[in-house]
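**Student:** below are the sequence and a predicted model; questions follow.
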Amino acid sequence: MKLFCAPLTSLIILPFLAVGLSSQLEPRLSDVAPSSSSIQNILKNTQGDKKYGYPTDLTQGIMPIPVHSHNDYWRAVPFYTGLSKGCMSTEADVWLFNGTLYVGHDESSLTEERTFESLYINPILDVLKRQNPASPFVSSPTRNGVFDTDPEQTLYLFVDVKTSGLETFGAVISALSPLRQKGYLTTLQDNTTVTIGPITVIGTGNTPLSMVGPVENRDYFYDGPLASLGLPEYANITSRISPIASTDFAAVFGIVTTDTDPILPDGQLGVLRAQVSLAKRLGIGARYWGTPYYPIRKRDEIWRLLLREGVALLNADDLDAVSTFF
């Protein structure tokens with residue numbers, strides 16, 4: 001892998017995903033150059049033929065894009081929807097009650113069925129099992145990521161801790177055990193070497209920096225404060241602690257009043273460049289949340305600006321729009 005510079009749910013969701021993805025990936029006759037009726041007949045009747053499928057084809061043809069699926073748990077099918085669009089990053093808000101991690105935006109949205117295990121851990125395990133099949137053609141265990149088109153691309157899993165930081169993040173660490181046992185997590189060894197795995201877990205929200213920074217051997221990281229990198233209290237933060245650092249776009253730049261380029265005045269553009277540049281010098285990728293989402297022209301201009309200036313992840317709520325943008 002690159003270096004830094006299921007239970008019932010699975011049985012229900014995976015067939016749904018397979019149908020959804022396969023419908024996107026099947027040859028459409030409208031995409032094929034005019035051809036004979038014999039060729040068209042072949043294209044129509046290849047479904048189910050084993051020679052046209054392969055073990056890791058769940059994400060066949062899905063190209064990863066540098067997008068964070070913001071509030072991912074709000075989607076009709078969490079995790080899988082972002083995966084189907086190629087999002088390289090996803091997010092779960094977790095609440096600890098009676099030893100169980102529940103997923104939701106607030107307490108009113110929690111249900112017994114929507115847990116960190118059922119919506120994220122088990123689906124991720126299922127996908128990685130498909131991407132790392134036992135095969136007579138494989139001489140040693142593989143560590144492929146979720147994308148068939150780019151097996152070395154890690155998936156960032158942001159875990160937004162909502163309840164008490166110490167207790168809740170401790171439960172998150174325990175909940176990662178199935179991924180840990182399979183060797184699927186990005187790790188830090190001896191506080192020096194980061195080895196990228198299929199999944200990179202990043203604690204955010206109420207995650208205590210004290211539970212991440214001082215730990216020399218771990219398989220979880222910290223969402224650094226992008227706007228505060230370099231300040232004395234965060235002077236020790238590098239990519240070994242924070243592969244990604246984030247901040248609220250609106251809090252830094254205020255209300256964007258135009259929808260044309262240049263979308264930020266020179267002074268604000270200088271702030272943006274300084275923040276992204278400092279993060280890069282520390283080996284950290286930048287992410288801004290709270291970017292404008294309307295009007296569409298303004299949203300797209302901000303996306304173009306952020307990509308041009310080198311952010312690692314675009315924060316997006318409308319995945320249809322952002323996938324079309326790419």
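**Tutor:** Nice, thanks for sending it over. Bear in mind that the values here come from a model prediction, so they are computed numbers and not experimental data. Residues are numbered from 1 along each chain as shown.

**Student:** tell me which helix or strand of this protein sits lowest on mean pLDDT?
**Tutor:** None of the helices or strands of the chain scores lower by mean pLDDT, DSSP states H and E than helix 8-25, at a mean of 44.

**Student:** give me the mean pLDDT for the helix or strand just after it.
**Tutor:** Note on helix 8-25: by DSSP states H and E, the next helix or strand toward the C-terminus is helix 37-44. For helix 37-44, the mean per-residue pLDDT is 85.

**Student:** gap between the most centrally placed residue in the chain and residue 259?
**Tutor:** For the chain, the residue sitting closest to the mean C-alpha position, by Cα atoms, centre = their mean, is residue 89 at 1.1 Å. According to Cβ to Cβ, to the nearest Å, residue 89 stands 26 Å off from residue 259. C-beta coordinates here come from the backbone N, C-alpha and C atoms, glycine included.

**Student:** so what's residue 297 up against?
**Tutor:** 259, 260 (Cβ atoms under 8 Å, 6 or more residues apart in numbering).

**Student:** relative to residue 195, how far out is it?
**Tutor:** On the measure of Cβ to Cβ, residue 297 and residue 195 end up 42 Å apart.

**Student:** check residue 146 too.
**Tutor:** 17 Å.

**Student:** please apply the same query to residue 322.
**Tutor:** Distance of residue 322 to residue 195, computed by Cβ to Cβ: 29 Å.

**Student:** can you say which helix or strand has residue 202 in it?
**Tutor:** Using DSSP H and E, residue 202 falls in strand 199-205.

**Student:** give me the contact list for that strand.
**Tutor:** Taking Cβ under 8 Å, 6+ apart as the rule, strand 199-205 contacts 93, 124, 128, 145, 154-162, 169, 172, 176, 179, 184-186, 211-212, 219-223, 242-244, 246.

**Student:** tell me what the helix or strand just after that strand is packed against?
**Tutor:** Sequence-wise, the next helix or strand downstream of strand 199-205 (DSSP H and E) is strand 221-222. Packing partners of strand 221-222 (3 or more Cβ pairs under 8 Å, 6 or more residues apart in numbering; DSSP states H and E): strand 199-205.

**Student:** thinking again about what came up before, okay, residue 322 and residue 195: which has more neighbours?
**Tutor:** With neighbours defined as other Cβ atoms under 10 Å, residue 322 and residue 195 compare such that residue 322 has more, 23 against 16.

**Student:** next, the contact list for the more buried one, please.
**Tutor:** Going by Cβ under 8 Å, 6+ apart, the list of residues near residue 322 reads 65, 67, 85, 303, 314, 316.

**Student:** hmm, 6 Å instead?
**Tutor:** When contacts are counted by Cβ atoms under 6 Å, 6 or more residues apart in numbering, residue 322 touches 67, 316.
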